[in-house]
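> sequence and predicted structure are below.
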Amino acid sequence: MGVLLFSSISMAGCGKKEQKSTEIKIGVCGYDQYDTYLSQLIQCFDKCTTDGVNVEYVYASQSQITQNEQVEKLITKGVDVLCVNLVDRTAPNTIIDLAKKNDIPIIFFNRELVEEDITQWPKLYYVGADAIESGRLQGELAANMLRRESVNADKNGDGRIQYVVLEGEAGHQDAIVRTEYSVNTLIEQGVDVDKVGYAIANWNRAQAQTKMAQLIERTENGIELVLANNDDMALGAVDAYNSAKISADERPLIFGIDGTDVGLEAVVNKTIMGTIYNDKEGQAKAMYDLAIALAKGESVSSLNLEDGRYIRLPYAKVDAANVLQYIHK
Ligand code: GAL
């Protein structure tokens with residue numbers, strides 16, 4: 001079952017505001033408490049919390065049934081607004097029905113539901129980022145680095161780059177779209193590539209390590225580029241090369257996405273070559289500002305919602321040259 005944590009924290013950093021008169025209650029539902037990026041996004045949200053705002057955080061341990069029950073409980077407890085990170089982004093109906101019945105607005109975040117679902121009711125919103133952009137930027141970053149003469153990526157000298165993709169959860173918008181756009185961008189940028197394998201590792205470092213170890217063995221250490229859908233899986237790939245005791249100059253270029261603390265640290269240490277910053281601070285602040293406006297019944301027009309419902313924060317390329325500016329963001 002999910003961890004229940006009631007907090008009324010007042011911290012600096014995310015546009016500290018006064019909300020004294022009436023108390024606002026927000027419920028935040030995460031799909032899993034062990035996801036690195038999501039945990040950091042939720043920490044950023046918590047830093048936004050001001051006086052007079054209570055936030056209850058629950059985690060569903062990857063069960064949509066658990067999450068539906070958690071939402072029901074939060075509504076019974078009297079939340080004014082819910083922020084929901086769906087477990088199964090194709091199964092939001094129970095939650096949407098509960099919200100409609102009780103007139104509680106919902107901000108879905110990070111795991112994007114399909115348009116037919118979000119348009120079911122006017123008080124449904126989405127905060128996240130544009131998955132296509134993250135894939136494109138990863139492809140550009142990799143192509144750019146492969147072009148640099150100092151980076152001798154084509155280890156077997158065949159004029160082509162043998163690559164593998166480490167994919168997030170099957171069916172997740174970010175996994176499907178990042179893979180497609182990252183690889184297509186590389187090709188558009190004129191890099192000749194051969195796909196020598198792929199593995200689904202569900203955003204998870206340990207799973208990525210296991211799958212990567214198999215790919216290294218199967219290709220007889222013939223991989224020249226690893227495109228990982230997130231930083232944790234990129235780091236799982238690094239772990240696999242460490243375990244196999246393969247020296248730095250016999251390793252591929254490895255790229256992630258997210259810019260988590262561990263991901264940025266790996267860019268500094270050059271164990272991965274780059275990442276794409278998934279703006280957790282911006283997304284958390286957008287969610288918080290929207291949640292407060294909705295809870296107070298205020299107009300949300302100043303928040304520049306796309307189609308009246310969506311807020312998407314831009315991604316950014318991070319490599320050794322600019323990583324320090326993201327570390328203390
Ligand atoms: C993605 C993120 C992944 C994982 C996933 C969970 O946006 O890049 O690391 O957190 O969301 O839904």
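Okay, I see it. All figures in this text were calculated on a predicted structure; none of them were measured in a lab.
> check contacts around the residue nearest to residue 193 when sequence neighbours are not counted.
The spatial neighbour of residue 193 that comes closest, neighbours along the chain excluded (Cβ to Cβ, 6 or more residues apart in numbering), is residue 161 at 5.0 Å. Where you see a C-beta, it was placed from the backbone N, CA and C, and this is true even at glycine. Residue 161 sits next to 146, 153, 154, 186, 191, 192, 193, 194, 224, 225 when contact means Cβ atoms under 8 Å, 6 or more residues apart in numbering.
> for the ligand, see how far away residue 161 is.
Residue 161 is 24 Å from the ligand, where distance means Cβ to the nearest ligand atom, to the nearest Å.
> can I have the buried ones of the contacts of residue 161 as a ChimeraX selection?
The ChimeraX selection below is limited to those of the contacts of residue 161 classed as buried (16 or more other Cβ atoms under 10 Å):
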select :146,153,154,186,191,193,224,225
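> looking at the contacts of residue 161, which are in helices?
146, 186 (DSSP state H).
> a markdown table for the contacts of residue 161, including distance to the ligand and pLDDT?
Listed next are the contacts of residue 161 as a markdown table, based on distance: Cβ to the nearest ligand atom, whole Å; pLDDT from 0 to 100:
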| residue | distance to the ligand | pLDDT |
| --- | --- | --- |
| 146 | 23 | 94 |
| 153 | 24 | 94 |
| 154 | 29 | 95 |
| 186 | 19 | 96 |
| 191 | 23 | 95 |
| 192 | 28 | 95 |
| 193 | 23 | 97 |
| 194 | 26 | 97 |
| 224 | 24 | 97 |
| 225 | 19 | 97 |
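> how close does the closest residue to the ligand within the stretch 101-250 of the chain get to residue 37?
Closest to the ligand within the stretch 101-250 of the chain is residue 230: 3.5 Å, counting by Cβ to the nearest ligand atom. Separation of residue 230 from residue 37 (Cβ to Cβ, to the nearest Å): 7 Å.
> contacting residues around residue 159?
By Cβ under 8 Å, 6+ apart, residue 159 lies in contact with residue 192.
> what residues does the protein have near the ligand?
35, 37, 38, 110, 111, 168, 174, 203, 230, 257, 258, 278 (Cβ under 6 Å from any ligand atom).
> quick check, nearest of those residues to residue 69?
Minimum distance to residue 69 across these is 18.1 Å, recorded for residue 111 (Cβ to Cβ).
> tell me which residues touch the closest one, please.
31, 85, 86, 87, 89, 172, 173.
> show me which of those residues is closest to residue 282.
Ranked by distance to residue 282 (Cβ to Cβ), those are led by residue 85 at 16.2 Å.
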